[in-house]
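[1] Model the following, please.
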Amino acid sequence: MAAAAGAAAFAGSMPAQGSNGTSGSRCMPGSGSITDVKGLRVGHYTDTRRPTGCTVIIAEAGATGGVDVRGAAPGTRETDLLNPVNMVEKVHAIVLAGGSAFGLDAATGVMRYLEEKKIGFDVGVAHVPIVPSAILFDLGVGDASIRPDAAAGYQACKSASTDASEEGNVGAGAGATVGKLYGPQRAMKGGLGSASLTVAGVTVGAIVAVNAVGDVLDPNTGRILAGARTADGKQLLDTRAAILAGDLPRAMRAGTATTIGVVATDATLTKAQAQKIAGMAHDGLARSINPIHTMLDGDTIFALGTGTSGKPGNVMLLGVMAAEAMAIAVQRAILAARAVEGFPAAVDYIA
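    I've put the predicted structure just below:
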């Protein structure tokens, strides 16, 4: 396989940042990583042949799962079983991948890795790993015939650790771009970001691959960090303002974007609580991406509860924390991203 796992395999990823908030950029907000939630490991596969890859969040002991899909063009796998009325209570990994629908194959490799370790739902004759997944569209960045596959998912598992996640051009964020309403020639580089918060002895973490049609904003100031550029490419356009002024492209291709992510907590959750927290986490996307949840996006957020803190889940608290962590993670993803051919990065425009 002509590629390598991990952030080092593709130029432009940022070093992992720990709970002290250190990183390679002075303007990076927030701190922490989803791996601050005990019971989780994160691994990445980043292809060396073109910008694409996958990210796996592993919960070997199982975690209660939920999901909320808001975009109109989603690509998902095993999301129906997360419905609170359905039987299976625990999931063993979540996969986020590039490659559009082809990238769903990465989950097969994750299942193989977990099955080899006898991790999964015990059906008597086998252990069946429960591995929901979601994908984003990055086929327009480089050779579209190169996509994450089962081998990529397996390699991501082999690289998984409890260390703080790398950010930027890594894993599912390797080929992510943003600001695409007016075509790829006016878009910018997206990426992968992570963050965490601890309140009252409970930790919530988020990880997200930002690949939006819309612009990415600083959620505190509303300043556009990355997004659609003016026709000459020299300035940021402000997609929201352009749409409200009636400036819509004549042709818009559905499914060419999508922001996907996971929020997780060490509190104990029911499936219904996990589903609600996943929904509240979308507020973090709405604060940091505009427009969001469009007809061209398949925005999907999973929620996991590991229960390792032993504390019961307070959905009011956890939902607010999840939205905050997600908004910070989106911002970190954009500020950690680095330019690839044809797609400048936020750091190229920020003075």
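
[2] Tell me the secondary structure at Cys54.
    strand (DSSP: H, G, I helix; E, B strand; the rest coil).

[3] low-confidence ranges in the stretch 251-351 of the chain?
    Applying pLDDT under 70 to the stretch 251-351 of the chain flags the ranges 254-255, 351.

[4] which residues are contacting stretch 218-231?
    29, 178-182, 186-190, 214-217, 235-239, 242, 284, 287-288, 327-328, 330-331, 334-335, 337, 344-346, 349-350 (CB atoms under 8 Å, 6 or more residues apart in numbering). Just so you know, the C-beta spots here come from the backbone N, C-alpha and C atoms, and that holds for glycine as well.

[5] Of those, which belong to strands?
    Val178, Met188, Lys189, Asp215, Val216, Leu217 (DSSP state E).

[6] is it true that the last one touches Ile292?
    Pointing back at Leu217 there. No - when contacts are counted by CB atoms under 8 Å, Leu217 is not listed as touching Ile292 (10.2 Å).

[7] give the contact list for Val199.
    Per CB under 8 Å, 6+ apart, neighbours of Val199: Leu317, Met321.

[8] typed the wrong thing, it's Gly39
    Ala59, Glu60, Ala61, Ala63, Asp266, Thr306, Gly307, Thr308.

[9] what about 6 Å?
    Counting by CB atoms under 6 Å, 6 or more residues apart in numbering, Gly39 touches Ala59, Ala61, Thr306, Thr308.

[10] Grab the two from the ones in strands among the contacts of stretch 218-231 that are most spread out in space.
    Greatest spatial distance in the ones in strands among the contacts of stretch 218-231: Lys189 and Leu217, 15.9 Å, computed using CB to CB.

[11] higher neighbour count, these two?
    Lys189 (30 against 23; other CB atoms under 10 Å).

[12] what's across from the more buried one in the sheet?
    Note on Lys189: beta-bridge partners by DSSP bridges are Thr177.

[13] cool, and the one 10 residues further on?
    Under DSSP bridges, the beta-bridge partners of Val199 are Val202.

[14] so who does the nearest residue to Phe343 once chain neighbours are set aside touch?
    For Phe343, ignoring the flanking residues on the chain, the nearest one in space by CB to CB, 6 or more residues apart in numbering is Lys189 at 4.4 Å. Contact partners of Lys189, counting by CB under 6 Å, 6+ apart, are Thr177, Ala337, Ala339, Phe343, Ala345.

[15] now those residues: which count as buried?
    When neighbours are counted using 16 or more other CB atoms under 10 Å, the contacts of Lys189 contain these buried positions: Thr177, Ala337, Phe343, Ala345.

[16] could you dump the residues you listed to TSV with distance to Leu114?
    Converted to TSV, the buried ones among the contacts of Lys189 look like this (distance: CB to CB, whole Å):
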residue	distance to Leu114
Thr177	31
Ala337	30
Phe343	34
Ala345	35
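
[17] Closest to Ala144 out of those residues?
    For these, the nearest to Ala144 is Thr177 (13.8 Å; CB to CB).

[18] what about the strands in the stretch 101-250 of the chain?
    121-122, 127-128, 133-135, 167-168, 177-178, 188-189, 191-199, 202-210, 215-217, 224-226 (DSSP state E, counting those that start in this stretch).

[19] returning to what we had before: list just the nearest of the contacts of Lys189 to Arg147.
    Thr177 (15.9 Å).

[20] quick one: that closest one from Thr300, how far?
    18 Å (CB to CB, to the nearest Å).

[21] before we move on, what about Ala264?
    15 Å.

[22] same thing with Glu324?
    On the measure of CB to CB, Glu324 and Thr300 end up 19 Å apart.

[23] These two: which has the busier surroundings?
    Thr300 (27 against 21).

[24] if I pick the more buried one, what's in contact with it?
    With CB under 6 Å, 6+ apart, Thr300 has these contacts: Val69, Pro74, Ala134, Ile260.

[25] Appreciated, that's everything.
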